[in-house]
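>>> here is a sequence together with a model predicted from it:
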Amino acid sequence: MSAGDARGGETERAAVRDVDRSAVENADVCVVGAGPAGALVADRLAADREVVVLDAGPRFDPEDRLARQERAIRPSRDRPDVWDVGGDRDAHANSGEWFYPLNHARVKGIGGSTLHWQGMVMRLHEDDFASGTERGVGPDWPIDYADLRPYYAEAERELGVAGASDNPYAPPREEPHPMPAFEPSHSDSLFAEACEELGLDMHSVPNARNSEPYDGRSPCVGYGTCQPVCPAGAKYDATVHVERAEEKGATVIDRAPVQRLEHDADRVTAAVYATPDGEERRQTADAFVVACGGVETPRLLLLSESEAYPDGLANSSGAVGKFFMDHLFAGVGGTLDEPTRQNHVGFYTSACDQFYDEADEEVGPFKLEFLNYAGPSPVEEALTGDDWGDDLLERLRDGYGTHVAMGGLVEQLPRSDSYIGLDPDRTDDRGNPVPEVHWNVGDRALRTIERANEIQRAVLEELGAEIEWVAGPDATGPAYHHMGTTRMSADPDAGVVDADCRTHDLDNCWIASSSVFPTGGAMNPTLTIAALALRVADDVRERL
Amino acid sequence: MELTRRDATAALAAVGATGGIALAARREADGPGAESGEADRDGADPGTEAGGALSDDDTVRAAMIAVATVVYPEEVEGVEGFVDEFLDGRLDGSAHASGVRAAVGELDGAARSWHGAPVAELPESDRDRLLREVGADTADENPDGTLAERVRYYVVNELLLALYASPTGGELVGLENPQGHPGGTESYRRGPR
Ligand SMILES: Cc1cc2nc3c(=O)[nH]c(=O)nc-3n(C[C@H](O)[C@H](O)[C@H](O)COP(=O)(O)OP(=O)(O)OC[C@H]3O[C@@H](n4cnc5c(N)ncnc54)[C@H](O)[C@@H]3O)c2cc1C
Ligand code: SF4
């Protein structure tokens, strides 16, 4: 027990008891999952269709965000605690060569993982849709950049993206971002000199974060804890679209984990969901959109196996759960002999995409980031250590002030030995087998990390930094982007969904998630997830 | 450097007055994800665990101010007003507030038995010694832990969090917009002064 509040618990208990979680009659569309993918689909259809959204997690009280921020700062709290992730509900197994910290990588509840996310939102590059053709490795997508381009623009408006058109390496766009980009930081100006010497181009980065008031939401006020919580609501999260969908008439049911999808040979007939009272209920609908994220989406399909689909629902191709991918982090950090003014804000403002399209068979695409939060955060440092008073202040002053760091993300290729399965030996709080994460990475990604490190090192050396750490192939980790596990393919034998993100096997079932990505590129996925979700909504409407 | 009313407000804005917070925290071992109905059982008043009386708020304030003068650096002034105002927001009916009261009560108990007077009445050097005798210097904070860990969580770190999430506390370190403080989007762009 910590910063809890007995009265708060009372209120919450009442909320659990009083909420009506019955199924909605005559629903047109049932959306499973209230992260950005599900929320955008629901919002787009809610005005003229009967839409129900079921989410496994709770509806978080916006009033609690400061207390969650305290959890983010307090050393006694782990990151997953900030949004109540963990425990039996979220149990999972790890069996791959690489450990995957799944509960650091997701949030369950209304808003989904965007409650915790960083909010960097780039479009994929044209070549990312044709990796096989252009780079000689991996499958091509059955759609190309042009198919998604208008949806990208819409997604940027929906999320509220601050960006500029100063990036010569970004794919073509026809209109400016909805908000001006955040200005470069002081440390960006230090990096700029070094990059100029080395012939590297710096440019702004698109942020799903308000640089000015947008859509009735606050501009960024500089709390600096964007990841894992923005108390101001300046960082986009999917509660925005859940609320909008509800205003248009959608029904959103929280704490309603879908246990399985009932079906006949070519249609899903009902989503069976559990409720806190221990009951199971059935939501029927004409169309179903599964939007549970890149791990729970394949898990739900696998849990829905039947005589017709013995290997899991919509799994005639055998690809459900396969090809699990993430982006890997590459970084270098050190100190200068001058102030670098880090940790004022929790996001970065400059990047370098110059090397992205040099990708080939040997080295994948990667992007480079100039961080504004290198080195320790003094308030967090103050809460650990054996000192206080003047000694503590001296330690904080020594530790803060001169750090610099570059980060970056690299692509990993899809591999059939990297997958999400079901662990037969362990069950969750409802008695369902937990997800087994079997994550394998491959040499191309590791070579790409080395290549990114080379450039990062060169920049820091040019800056005159003393290099203190390198996140190279041995010290990398995932970026928490779950992709590939219900891949898109025009060929029903090679993928789970078609070019419209509708399952090949079932006529009325769509998947809105990065799980449909055949390859991952090296750009953060959520803008592409949002664009695909809007496109799914259009397809659902057309076919209903 | 002078701590002001604005600092106390800012510190509260950073970590939140605990009042009204519906965070029914769970024991770490249980992990979250359990239904919230179970959660408030864990939210039971930690004061009862301490097995002792909760200190009244004047005593709590006096003790917290006395500890603050030890754990805050010499150069900050206005500690009393700052802590008092910060506690206005924190000492409410929440379980967290009860945790603060209970930890202060136990710390005062230790002060009485080892030094013959409550914390607020000890000379500064004895207060420092007391905190170290309790073990709050080497303990990791833990709201459910040993006395040392609870004093670290509810007393020492409570005060350090308040200071270093405030603009004046940040400025002591050279960061006038510390994490947790909504200091706007100008400061990250400015060079050193
Ligand atoms: C720390 C962190 C930082 C990140 N930073 C970025 C970033 O900067 N840029 C970026 O593009 N992406 C980032 N991401 C990734 C981003 O958060 C995800 O890509 C995005 O949230 C995925 O959206 P989604 O709707 O597909 O899934 P999610 O947001 O994960 O939502 C899925 C929802 O489905 C619900 N659900 C799951 N199973 C069931 C079930 N059986 N029944 C009912 N409901 C279910 C869950 O409760 C959840 O609410 C970050 C993620 C993390 C964790
Ligand atoms: S810095 Fe991050 S957390 Fe703070 S207001 Fe801006 S977006 Fe929100």
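On my side now, so go ahead. Ligands and ions are numbered 1, 2, ... in the order given.
>>> only C-alpha atoms from now on, for both contacts and neighbour counts.
OK.
>>> how about the helices of chain A, start to end?
Shown for chain A, the helices assigned by DSSP state H span residues A:6-18, A:36-46, A:65-73, A:79-82, A:131-135, A:145-159, A:186-198, A:239-247, A:293-303, A:378-382, A:389-399, A:443-463, A:526-543.
>>> closest residue of the stretch 401-544 of chain A to ligand 2?
At 16.5 Å from ligand 2, A:Thr526 is the closest residue in the stretch 401-544 of chain A, using CA to the nearest ligand atom.
>>> export the helices of chain A to CSV and tack on distance to ligand 1, mean pLDDT and mean neighbour count?
Compiled in CSV, the helices of chain A are given as follows (distance: least, CA to the nearest ligand atom, whole Å; pLDDT from 0 to 100; neighbours: other CA atoms under 10 Å in any protein chain shown):
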stretch, distance to ligand 1, mean pLDDT, mean neighbour count
helix A:6-18, 16, 50, 18
helix A:36-46, 4, 98, 29
helix A:65-73, 12, 89, 24
helix A:79-82, 9, 93, 21
helix A:131-135, 20, 98, 18
helix A:145-159, 11, 98, 19
helix A:186-198, 19, 97, 18
helix A:239-247, 10, 98, 21
helix A:293-303, 4, 98, 25
helix A:378-382, 18, 93, 22
helix A:389-399, 25, 96, 17
helix A:443-463, 19, 98, 20
helix A:526-543, 4, 98, 22
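>>> using a markdown table, lay out the ones you listed together with distance to A:Pro178.
Listed next are the helices of chain A as a markdown table, based on distance: least, CA to CA, whole Å:
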| stretch | distance to A:Pro178 |
| --- | --- |
| helix A:6-18 | 37 |
| helix A:36-46 | 18 |
| helix A:65-73 | 26 |
| helix A:79-82 | 30 |
| helix A:131-135 | 30 |
| helix A:145-159 | 6 |
| helix A:186-198 | 23 |
| helix A:239-247 | 16 |
| helix A:293-303 | 27 |
| helix A:378-382 | 34 |
| helix A:389-399 | 38 |
| helix A:443-463 | 31 |
| helix A:526-543 | 14 |
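>>> out of those helices, nearest to B:Gly180?
helix A:65-73 (7.3 Å; CA to CA).
>>> ok, back up a step: the residue of the stretch 401-544 of chain A closest to ligand 2 contacts A:Gln118, doesn't it?
No - using CA atoms under 8 Å, A:Thr526 and A:Gln118 do not qualify as a contacting pair, with a distance of 10.5 Å.
>>> element containing B:Val83?
Assigned by DSSP states H and E, B:Val83 belongs to helix B:79-90.
>>> average pLDDT across that helix?
Averaged over helix B:79-90, pLDDT sits at 94.
>>> would you mind putting the CA coordinates of it into CSV?
As requested, C-alpha coordinates have been extracted for helix B:79-90 and formatted as CSV (Å, rounded to 0.1, in the frame of the first residue of the first chain):
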residue,chain,number,x,y,z
VAL,B,79,11.6,26.0,4.9
GLU,B,80,9.0,26.3,7.6
GLY,B,81,6.4,28.1,5.4
PHE,B,82,7.2,25.8,2.5
VAL,B,83,6.7,22.6,4.3
ASP,B,84,3.6,23.8,6.1
GLU,B,85,2.0,24.8,2.9
PHE,B,86,3.0,21.6,1.2
LEU,B,87,1.5,19.6,4.0
ASP,B,88,-1.7,21.6,3.7
GLY,B,89,-2.2,19.7,0.5
ARG,B,90,-0.9,16.3,1.6
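>>> which residues sit against that helix?
B:3-5, B:7-9, B:11-12, B:16-19, B:61, B:64-65, B:68-69, B:97, B:159, B:162 (CA atoms under 8 Å, 6 or more residues apart in numbering or on different chains).
>>> for it, buried residues please.
B:Val79, B:Glu80, B:Phe82, B:Val83, B:Asp84, B:Glu85, B:Phe86, B:Leu87, B:Gly89, B:Arg90 (16 or more other CA atoms under 10 Å in any protein chain shown).
>>> where in chain B is the helix or strand with the lowest mean pLDDT?
Least confident element among the helices and strands of chain B, by mean pLDDT, DSSP states H and E: helix B:36-42 (a mean of 32).
>>> from A:Asp337, how far out is A:Asn315?
For A:Asn315, the distance to A:Asp337 under the criterion CA to CA, to the nearest Å works out to 58 Å.
>>> of the two, give the one with the bigger neighbour count.
Of the pair A:Asn315 and A:Asp337, A:Asn315 is the one with more neighbours under other CA atoms under 10 Å in any protein chain shown, namely 25 against 11.
>>> what sits closest to A:Arg77 if chain neighbours are left out?
With CA to CA, 6 or more residues apart in numbering or on different chains as the criterion, A:Arg77 has its nearest non-adjacent residue at 5.7 Å, and that residue is A:Arg71.
>>> point out where chain B drops to low pLDDT.
Residue ranges of chain B with pLDDT under 70: B:16-54.
>>> alright, calling it a day.
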